[in-house]
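In: attaching a predicted model along with its sequence, questions to come.
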Amino acid sequence: MTTTPDSDASATSPRRSTLRRLSLTQRFLAVSVIVIAAAMALLGAGVSYYVRNSIAEGIAGTAAASIDSLVTSSLNGVFAGETLTEADRNRLDRLFEIGSEAETTRLIQIRLFGLNDQLIYQSSDAIVDEPTASQLARARAGTVTSEIVDLPLDPNGPFGVHTISLLRLYTPLHRPSNGEVFAVAGLYYSAKSLLEIQERAQIAVWSVVLIAGVFVVAALYAFVASANRTIVRQAR
């Protein structure tokens, strides 16, 4: 069925009459609420995204620096990036046990890769994940990469396959003597505490944005209402 101009006009006429019945102040309030709500939504999303990434990058940077220092000190610079002795493996196992007992950011798994991208050491095979060539290449170049991911666990035991939220990062390991990169560490931390921190930060950001938006709308409404009363009084 086709619509005629008369039907279109009859459909839009109630809307126009409704708008005409609104006062200038009410129309301004409706428009300002829509505009400011859209602006505040964009602002809140941008700030929330920045805060969330900053928290993850800050925690990842701290964890990477700690592991870099602990691993290089534990190996005493004898690791040439190709093989590990039994004593080196034992020291790394003890290092992993210390990290896995942390109350806040628990270390779930650690892997060491040589400069030829070959896996040299891993604390366990519980995490099902393989690094990409670009991740290892960036770590060899001295860049720490991090992201929050949901990875499957090894389906051993009665629980079957399920995923876990992890902070995955690849960081270079430097020799204390000259700062040379001699290996790459792949670290998998529990992201539970990190996600809780991000959630609290997002709630705080959106609360501030909401309060600011209400304050701006209220201030503009008070100003326009006052101006409208002055105009009406002068007209009378």
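Out: Nice, I can see it.

In: next, the buried residues of stretch 199-211.
Out: For stretch 199-211, the buried set under the neighbour-count rule, 16 or more other Cβ atoms under 10 Å, comprises 201, 202, 205, 206, 209. Using the backbone N, CA and C atoms, a C-beta is placed for each residue, glycine as well.

In: for those, which one is nearest residue 42?
Out: In terms of Cβ to Cβ, no member of the buried residues of stretch 199-211 lies closer to residue 42 than residue 209, at 9.9 Å.

In: distance of that closest one relative to residue 196?
Out: Counting by Cβ to Cβ, to the nearest Å, the gap between residue 209 and residue 196 amounts to 21 Å.

In: re the thing from before, could you dump the buried residues of stretch 199-211 into JSON lines with secondary structure, distance to residue 136 and pLDDT added?
Out: Below are the buried residues of stretch 199-211 laid out as JSON lines (DSSP: H, G, I helix; E, B strand; the rest coil; distance: Cβ to Cβ, whole Å; pLDDT from 0 to 100):
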{"residue": "201", "secondary structure": "helix", "distance to residue 136": "31", "pLDDT": "84"}
{"residue": "202", "secondary structure": "helix", "distance to residue 136": "32", "pLDDT": "84"}
{"residue": "205", "secondary structure": "helix", "distance to residue 136": "35", "pLDDT": "85"}
{"residue": "206", "secondary structure": "helix", "distance to residue 136": "38", "pLDDT": "86"}
{"residue": "209", "secondary structure": "helix", "distance to residue 136": "40", "pLDDT": "86"}
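
In: and these as TSV, adding distance to residue 182?
Out: Compiled in TSV, those are given as follows (distance: Cβ to Cβ, whole Å):
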residue	distance to residue 182
201	36
202	39
205	41
206	45
209	46
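
In: which helix or strand in this structure has the lowest average pLDDT?
Out: helix 5-21 (a mean of 53; mean pLDDT, DSSP states H and E).

In: which parts of the chain are strands?
Out: In order along the chain, the chain carries the following strands (DSSP state E): 107-113, 119-122, 145-152, 163-174, 181-190.

In: quick one: list the elements packing against the longest one.
Out: Right, strand 163-174. Strand 163-174 sits against helix 24-75, strand 107-113, helix 133-140, strand 145-152, strand 181-190, helix 192-235, with contacts defined as 3 or more Cβ pairs under 8 Å, 6 or more residues apart in numbering; DSSP states H and E.

In: counting neighbours, which bits of stretch 128-148 end up buried?
Out: Taking 16+ other Cβ under 10 Å as the neighbour-count basis, stretch 128-148 is seen to contain the buried residues 131, 135, 136, 138, 139, 140, 144, 145, 146, 148.
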